[in-house]
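Have a look; sequence and predicted model below, questions after that.
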Amino acid sequence: MKHSFVLLIAFVTLAVTGRAQRDDITSSLQRWSRDFVAGRIELDKPGVADRKPYLAPSLKNDVRRKEYYTRIEEAESLMEVVLKRAKKEDLDLLLSAIEDSLSKKGGRPWEIRGEITRLRIVALAALSDPKYGASVQDAVVACLEGEIDESKPAGGGEPVLTCKKAEFAAALIPVLERYTNPAVRGLLERFMKIDDGGIRVAAASGLAATGHGPSVVEVAKALSGAKFPDDIGALASAMRKLVRAEKVKPEDKDLKFALNVVLERLHSLEDWRSRLALVPLTREIRSRGSISVLLDLLEEGNQSLAKKSKKSPFSGTLLKAVHEALADLTGFYADIREPEKWRSWWDGVKDTFVLAPSKALLEAQKGSTVASEFFGIPVTGNNVYFVVDISGSMAWQFDTTTVTANEGKPLKEGSRMDRAKEELLKAVDMLAPDSRFNVCVFSDHVKEWKNTLVEANPKNKKMLSVYVERLNPGGGTMLYDGLDKALKVKFEAKKDDAYESYVDEIFLLSDGSPTLGSITNTEEILRIVREWNQGAQVRIHAIFIGNEAVDRANSRGRPTKLPGNMSAEEFMKKLAEQNNGRFVIPQK
C-alpha cells in the first residue's frame, strides 16, 4: 500500500510538472512576443539575456543551448520549444506577432538591421525549418492561403487575385522555400499573379527553390514589369536558378520567352545595377540573339564612362560583365576599350556565326592584361572602395615562415600591416586616371580617408601614400562598421532612394572575425549585406590575411572570435561568394 501511494505521488508530480512546463511555453512566448512587437528587447547589451530571461527556467533542459550569449540566441531557443510542441494557439500568436512587427519602427521591411527586424528573422528562420514537421508547415501554408482574395471581373475573364496584407505575405512567403508540402508550388504560382512587387519577388525566390524549371516563365513575366533594382536583382537571381534546374528542366520555349524579356529589359533600363543583374542570364541562356544587344551595351558603356560623370548610368563592373559575356558567347577577343573592333568583327561574321561552346571566355581572354589588381584580384570597377583592417593583430607576422635567414626572428617587413600597405598603394597607383576611389580603415573605430570618392590622379595617389604610411595597427575588429562605410546603406530609406553611394566594387581586407561594432554576428552581417546588395549589385571581394598558427601563438589562449560566430576565413569566403566577388588567402 505504501509503495502504491509513493508511485501515485510521483505520477501526480510528473503530471503537474508537465502541465506547468506546457504553460511555461505559452507564457514565455507571450512575454517575448509582447516585448518583441513593442521594441523593448535590447539585442546588443552584454549579459542582458541572463539577467532578465524570457525563457522560463523549467524549459532550459529542453533546448540544445544551455548558455545564452545574446538575445538572438535566446530567441532561437524559445522558437525551438514553441515549434517542437506546435500548439495551434502558440503558432497563431507567433504569426500575429510577426505581422504586427512589420509596422513598428525598427521592424519595417526596409529597415534590414533594425532590432525588431533582426528578431523577426530568427522567428521566420525557425518557421522555415522542415524538422518541425507538418503541423508547423500546415499552419504557415493555411495562413498564407488566407491572405489571398479572389474576385471575378465584371466583364468575365481570369479571376483577379489580391492580397489582404501584402507586407506580411511578402515576409512570410520565404518560409516556404524549404517545405516539402505539395501545396507550396501552386500557392507560390498564385502569389506570382498578384500585382505587387514585393510579393512577386518573394514568390519567385520560393519557386526557384522548388527546382521546377518551367516556372521561369512566370518569373520572367514579373521581371518585365519590375521597377526597382532590388526587385530586378532578386528576380534575375531566381531566373538563373530556374534556368539551371535539374529536377524539372525548363523547355526551349520557356528559355526563349525568358531571354526575350531579359534582352528587352537590358535595352530599356537605364540604371547599371539592374543591367548588371541581368547580363549573366545571357550566358546562362545562350543565344546569338544576345550578341547585338551586348555590343550596343559595350559601345554605350565606353561612351558613358568617357564622360567621367559621377552619376554615370554605367559602371566599370557592368562594362566588364558585358565584355566577359561577349567573349564567352563568341570565343572572340578584343580589348574592352575597343568596341569598334568588336563591331567590325561581328559585321563580318554574323551571317554565318555559330555560338562558341560554353567556357570559351577562358580561351578568349588569354593574353589579356589588367591595369590594377589588389592581392591578385583584378580591379574592374571605376568607383572603387578599399576597406582595410588595422586592428592590433595586423601587427602580427604575415605567416610562420616570415623570418630572417640568420637569426630566425620575425622581420619588421613581415607583418600583415606592412603587406596590406604595400598591396594597397600598389593597387591605387595602377588605377586608371578615369577611376575614382576611397579608403576606409577600421579597428576599434572607423575612419574614412576622404568623405567621398576622389579621382585617381597623381595628387590624390600621393596624398594617400602619405596617409597610409602613418597608419599603425591597434585595437579590436569593427568589421561591419568599416564595411558599412563603403556600402553607405541608408536603412531608413525606401526602395527608390536606397543607394547613397556610387561605389561599384569593394575590396575588404581583414585578418579576423568581427569583435566590436554595431553588429558582430557573422550570420547577421552576411544577411544584411546580401539583402542590400540584391539591388545594389556591388561586387565585394574579400582578402583574408590571417594565419591560424600565428593567431594561436599570439593570442595566448584567448578566443579569436566571439561565441556563435563562424571563423573569419569562412565568413569572408561566404561574403565574397554571396556578392559576386572573389575570395583570396594571400601567399607569401
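Perfect, I can see it now. Numbering: from 1, shown residues only.

Confirm residue 508 sits in a helix?
No: applying DSSP: H, G, I helix; E, B strand; the rest coil, one finds residue 508 to be strand, outside a helix.

So it versus residue 157, what's the distance?
Residue 508 sits 52 Å away from residue 157, taking C-beta to C-beta, to the nearest Å as the criterion. C-beta coordinates here come from the backbone N, C-alpha and C atoms, glycine included.

Comparing those two, which shows the higher neighbour count?
Counted by other C-beta atoms under 10 Å, residue 508 and residue 157 do not tie: residue 508 has more neighbours, with 25 against 8.

The more buried one against residue 542, yeah?
Yes: contact criterion C-beta atoms under 8 Å: residue 508 and residue 542 qualify, at 5.0 Å.

Common neighbours of the two, please.
Jointly contacting residue 508 and residue 542 under the rule C-beta atoms under 8 Å, 6 or more residues apart in numbering are 572, 575.

Kindly provide the distance from residue 112 to residue 484.
Separation of residue 112 from residue 484 (C-beta to C-beta) stands at 12 Å.

ok, these two, which is more surrounded?
residue 484 (24 against 19).

What residues does that one make contact with?
Counting by C-beta under 8 Å, 6+ apart, residue 484 touches residue 518.

which element is it on?
Assigned by DSSP states H and E, residue 484 belongs to helix 479-487.

ok now stretch 134-148, how far from the chain's centre?
Centre-to-centre, stretch 134-148 and its host chain are 27 Å apart (C-alpha atoms, centre = their mean, to the nearest Å).

What segments of this protein are strands?
Secondary structure of the chain, counting by DSSP state E: strands at 148-151, 160-163, 373-374, 377-378, 383-389, 436-442, 446-448, 454-455, 505-510, 539-544, 583-584.

okay, the ones you listed in CSV with mean pLDDT next?
Output for the strands of the chain, formatted as CSV (pLDDT from 0 to 100):
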stretch, mean pLDDT
strand 148-151, 94
strand 160-163, 94
strand 373-374, 94
strand 377-378, 94
strand 383-389, 95
strand 436-442, 95
strand 446-448, 95
strand 454-455, 93
strand 505-510, 96
strand 539-544, 96
strand 583-584, 96
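
Highest mean neighbour count out of those strands?
Each of these was assessed for mean neighbour count using mean count of other C-beta atoms under 10 Å. The highest is strand 505-510, with a mean of 27.

Show residues contacting that one.
With C-beta under 8 Å, 6+ apart, strand 505-510 has contacts from 316-317, 374-375, 377, 379-381, 383-389, 391, 420, 424, 427, 477, 479, 482-483, 486-487, 538-546, 568, 572, 575, 581.

at 6 Å what do you get?
Applying C-beta atoms under 6 Å, 6 or more residues apart in numbering, the external contacts of strand 505-510 come out as 317, 374, 381, 384-389, 420, 479, 486, 538-543.

How about stretch 456-475?
With contact meaning C-beta under 6 Å, 6+ apart, stretch 456-475 is reached by 390-392, 394-395, 417, 421, 425, 428-429, 431, 433, 435, 437, 443-444, 449, 454.

Next: stretch 239-258.
For stretch 239-258, the surrounding residues in contact (C-beta under 6 Å, 6+ apart) are 208, 211-217, 219-220, 284-285.

switch to 7 Å and redo it
207-208, 211-217, 219-220, 223, 280-281, 284-285 (C-beta atoms under 7 Å, 6 or more residues apart in numbering).

now the helices for the stretch 201-350 of the chain?
Along the stretch 201-350 of the chain, the stretches classed as helices by DSSP state H, counting those that start in this stretch are 216-225, 229-243, 252-268, 272-284, 289-306, 316-330, 339-349.

want to try JSON lines for these, with distance to residue 33, mean neighbour count and mean pLDDT as columns?
Listed next are the helices of the stretch 201-350 of the chain as JSON lines, based on distance: least, C-beta to C-beta, whole Å; neighbours: other C-beta atoms under 10 Å; pLDDT from 0 to 100:
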{"stretch": "helix 216-225", "distance to residue 33": "33", "mean neighbour count": "22", "mean pLDDT": "96"}
{"stretch": "helix 229-243", "distance to residue 33": "29", "mean neighbour count": "25", "mean pLDDT": "95"}
{"stretch": "helix 252-268", "distance to residue 33": "42", "mean neighbour count": "17", "mean pLDDT": "97"}
{"stretch": "helix 272-284", "distance to residue 33": "37", "mean neighbour count": "24", "mean pLDDT": "95"}
{"stretch": "helix 289-306", "distance to residue 33": "50", "mean neighbour count": "18", "mean pLDDT": "93"}
{"stretch": "helix 316-330", "distance to residue 33": "43", "mean neighbour count": "25", "mean pLDDT": "94"}
{"stretch": "helix 339-349", "distance to residue 33": "59", "mean neighbour count": "15", "mean pLDDT": "96"}
